[in-house]
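1. What would the 3D arrangement of this be:
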Amino acid sequence: LSSHTATLALRSKMETAASTAAVMVCSPTSVKALVLKTVEALHLLSLARPPSGIRGGLSSVGAAINSFGKGLMHRFGVPGTSEYEDRVGRLRAEAGACAAVCTTLRRAALLVDEVDLVLHPLKSELNWPLGDKLPLDLTEPAGADASPPAVSPPTVSPSSGDSLSGLRWRLPFLLLDALFAARGAPAAAATLAGSPRAVEILGSLRRRLEVGAKNRHVATSPHLVLLSAEFYTSQLRPVLAGWLALVMGTLRLRSISEREIVGYLTGGEMPRDAEGRMTRQERQLLRLGHDWLHSFLPHILGRISRVHYGLLQPAQLSRALAASPGMPVARRLLAVPFVGKDTPSDASEFSHPDVVIGLTILAFRYEGLRHSDLLTLLGGLRASMSLESGPYPNRPACRTYASYVTSAGARVRGGERGGGEAAAAELMFRAAGSPRPFQQEISEGG
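-> Just a heads-up that it's a prediction; the model follows:
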C-alpha cells in the first residue's frame, strides 16, 4: 500500500475502534511513527504552499529548484502543473487523516508496559531532525548569508566586541565565567571582570555561593553543583542578572540601559518604547539571556561532569569510531550524555542546542582540551595568521598564541624582541603537530 492509502486505512480502522470501544494493541514505535508522519506531512505542506499570482508562481518554482537536491521538486513536480496539484492534494488528505488519528488517540486511555524504558531519554530517541540545516539565530552577524559557516576556532576573545558572530555561545560562555571567577578561577574575560561593577558583582556572588555551600544548597565537590532551585531563584539569579547586563554591554546591546536589562532579566516587563529602540538581533540577544537565566543555567548547573555529561576522551573516541565510523561530528566535538560514571551513551546526543552549548562549555572547563582539540585550535590560528596582514608581532593570531603560552607559565622563544616572528614560527610548527607537548616545555622553563 502507498503511504497515502495506508494512512487513510489507519484512520478508518481507528474510527471503527473508537465507535465500538475496542482495544487496540500497538508498539511504542508505531505511535512515534504516526506522530512523526504527521509532522512530516505538515512540514511538506508548508513548503508546498500554492503560488499566488505570477510573482508567487515564479517564487515557488525558484524555491523548488533551489531545494532540488533535497527532493522537493522530485516529490511534487513543477509548481502550477496538474501533477503538482494532485500530489499536494493527496498530501493534504494524508495530513488530515493523521490529524484525525492523533485526535482519536488523545481522547483514548493509554496503557503502557515498561513505561520507564519507553520514556527513558537515553534509550528512546525523541529528537528527529526535519528539513534543511540552517544556522540558528545569533550564530552569524546580522544580515549574513544563511549558508552554514565553515567550522574554525575563533581567534578573538569571547568578550571581544570585534565580531557579532557567535553570540549564541559567547553569551553563555561569559555567563558561566562569572561562576568560575567567583570561585577563584582566572576570569576568561579579564577586561570585563576587572571593572569596578564586575568586581562588586563577583564579590556578592562569591559570598552567596559560600552561604549556599554552608547550607547545602550547592555542592562544591567534584565541582559546583546546584542542589536547590529555590536558592538559585532567590539568591543567585538576581546577582547573575547584573553580571549578564554587563556582558550584554560588551556584546553591543546598548540601545537600552543596564537597569532596563536587569529589570527584564529578573522577570519584569520591558518599557513600551524599548522594543522600538532595539534591533532584531538585540531583542534576540535579550531573550536568549532571559532563557539562560530562567531555564538553561539552573538545568545544567544541576548536572555532574563525567556522570551526566562529558567529552569523549581519546580512548572512548577511538572505541566509538571503531564501532561506528559514521559517528556524527557533534559527538566527537561536543558534550554527550553519560549513563554512569565515566560511561558515555553509545549513540545519544543532547537535542537542545543551548543545553549542548552550555554543557560543552562546562565540560571543557572541567576536563580541559584534548590533544586533538589543541591541534584544531592551533590549525585555526595558523590559518588566521596567514590571512592577516602587517608585522607578525601585531597580527591577532600571533598575539593570541603568545598569550596562550604565557598564561600556561611558559614563554615564546625569542623573548620580548622578535617575539612576534618567534610566535609565528612556533605556530606553524605546532599546528602541524608538535612532538614536544607544552607540559614538557613548561617544566623545562622554555
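
2. Could you look up the SS state of Val211?
-> helix (DSSP: H, G, I helix; E, B strand; the rest coil).

3. now the strands: where do they sit in this protein?
-> Taking DSSP state E, the strands of the chain run over residues 218-219, 225-226, 309-310, 336-340, 343-344.

4. Now distance to Asp354 too, for the ones you listed, in TSV please.
-> For every residue, glycine as well, the C-beta is placed using N, CA and C. Listed next are these as TSV, based on distance: least, C-beta to C-beta, whole Å:
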stretch	distance to Asp354
strand 218-219	22
strand 225-226	17
strand 309-310	14
strand 336-340	16
strand 343-344	21
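
5. between those, which one is nearest to Trp169?
-> strand 309-310 (16.2 Å; C-beta to C-beta).

6. Which secondary structure elements does that closest one sit against?
-> Counting by 3 or more C-beta pairs under 8 Å, 6 or more residues apart in numbering; DSSP states H and E, the packing neighbours recorded for strand 309-310 are strand 336-340, helix 353-367.

7. where along the stretch 101-250 of the chain do the helices fall?
-> With DSSP state H, counting those that start in this stretch as the criterion, the stretch 101-250 of the chain has helices at 115-118, 167-182, 190-193, 196-214, 229-231, 237-250.

8. Out of those helices, which gets the lowest mean score?
-> Lowest mean pLDDT within the helices of the stretch 101-250 of the chain: helix 190-193, a mean of 71.

9. Can you pull out the low-pLDDT segments for the stretch 301-446 of the chain?
-> Residue ranges of the stretch 301-446 of the chain with pLDDT under 70: 414-446.

10. hmm, back to that, would you mind finding the most buried of the helices and strands packed on strand 309-310?
-> Across these, the average number of neighbours (mean count of other C-beta atoms under 10 Å) peaks for helix 353-367, which reaches a mean of 20.

11. thinking again about what came up before, mind putting the helices of the stretch 101-250 of the chain in a markdown table, mean neighbour count and distance to Thr103 included?
-> A markdown table is the format used below for these (neighbours: other C-beta atoms under 10 Å; distance: least, C-beta to C-beta, whole Å):
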| stretch | mean neighbour count | distance to Thr103 |
| --- | --- | --- |
| helix 115-118 | 11 | 22 |
| helix 167-182 | 22 | 37 |
| helix 190-193 | 16 | 52 |
| helix 196-214 | 16 | 48 |
| helix 229-231 | 14 | 36 |
| helix 237-250 | 22 | 40 |
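
12. could I get these as CSV with distance to Lys13?
-> Formatted as CSV, the helices of the stretch 101-250 of the chain follow (distance: least, C-beta to C-beta, whole Å):
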stretch, distance to Lys13
helix 115-118, 23
helix 167-182, 45
helix 190-193, 62
helix 196-214, 57
helix 229-231, 45
helix 237-250, 51
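
13. closest one to Val412 among those?
-> Minimum separation from Val412 across these (C-beta to C-beta) falls at helix 190-193, 19.2 Å.

14. Show me where the stretch 251-400 of the chain has its helices.
-> Counting by DSSP H, counting those that start in this stretch, the helices of the stretch 251-400 of the chain are 258-265, 274-277, 280-291, 297-301, 314-323, 329-333, 353-367, 371-387, 396-407.

15. Would you mind putting the ones you listed into CSV with distance to Arg237 alongside?
-> Putting the helices of the stretch 251-400 of the chain into CSV (distance: least, C-beta to C-beta, whole Å) gives the following:
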stretch, distance to Arg237
helix 258-265, 8
helix 274-277, 21
helix 280-291, 11
helix 297-301, 8
helix 314-323, 35
helix 329-333, 30
helix 353-367, 15
helix 371-387, 32
helix 396-407, 31
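
16. of those, which approaches Leu175 most closely?
-> Closest to Leu175 of those is helix 297-301 (C-beta to C-beta; 6.8 Å).

17. picking that back up, nearest to Arg252 among the helices and strands packed on strand 309-310 would be which one?
-> Of these, nearest to Arg252 by C-beta to C-beta is helix 353-367, at 19.7 Å.

18. and the angle from the closest one to strand 336-340?
-> Relative orientation of helix 353-367 versus strand 336-340 (axes from the mean of the first three to the mean of the last three C-alpha atoms, to 10 degrees): 60 degrees.

19. on that earlier part again, quick one: closest of the strands of the chain to Pro393.
-> Per C-beta to C-beta, nearest to Pro393 of the strands of the chain: strand 309-310, 38.8 Å.

20. Between the helices of the stretch 101-250 of the chain, which one is closest to Ile357.
-> Among these, helix 167-182 sits nearest to Ile357 (C-beta to C-beta), with 4.8 Å.

21. which helices and strands does that closest one pack with?
-> Judged by 3+ C-beta pairs under 8 Å, 6+ apart, helix 167-182 is in contact with helix 190-193, helix 196-214, helix 237-250, helix 280-291, helix 297-301, helix 353-367.

22. ok now that helix, how far from the chain's centre?
-> 14 Å (C-alpha atoms, centre = their mean, to the nearest Å).

23. just the angle between that helix and helix 353-367, please?
-> Put simply, helix 167-182 runs at 40 degrees to helix 353-367, going by the same axes, to 10 degrees.

24. ok so, going back, nearest to Gly390, out of the helices of the stretch 101-250 of the chain?
-> Closest approach to Gly390 among the helices of the stretch 101-250 of the chain (C-beta to C-beta): helix 190-193, 22.4 Å.

25. ok, Leu174 to Leu246 distance?
-> Distance of Leu174 to Leu246, given as C-beta to C-beta, to the nearest Å: 9 Å.

26. which residues are in contact with both of the two?
-> Common neighbours of Leu174 and Leu246 (criterion: C-beta atoms under 8 Å, 6 or more residues apart in numbering): Leu192.

27. closest one to Thr16 among the strands of the chain?
-> Nearest of these (C-beta to C-beta): strand 336-340, 41.6 Å.

28. closest one to Val39 among the strands of the chain?
-> Nearest of those to Val39, taken as C-beta to C-beta: strand 336-340 at 23.4 Å.

29. Next, format the helices and strands packed on helix 167-182 as TSV and append distance to Val88.
-> Shown next, in TSV, are those (distance: least, C-beta to C-beta, whole Å):
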stretch	distance to Val88
helix 190-193	53
helix 196-214	56
helix 237-250	45
helix 280-291	32
helix 297-301	41
helix 353-367	32
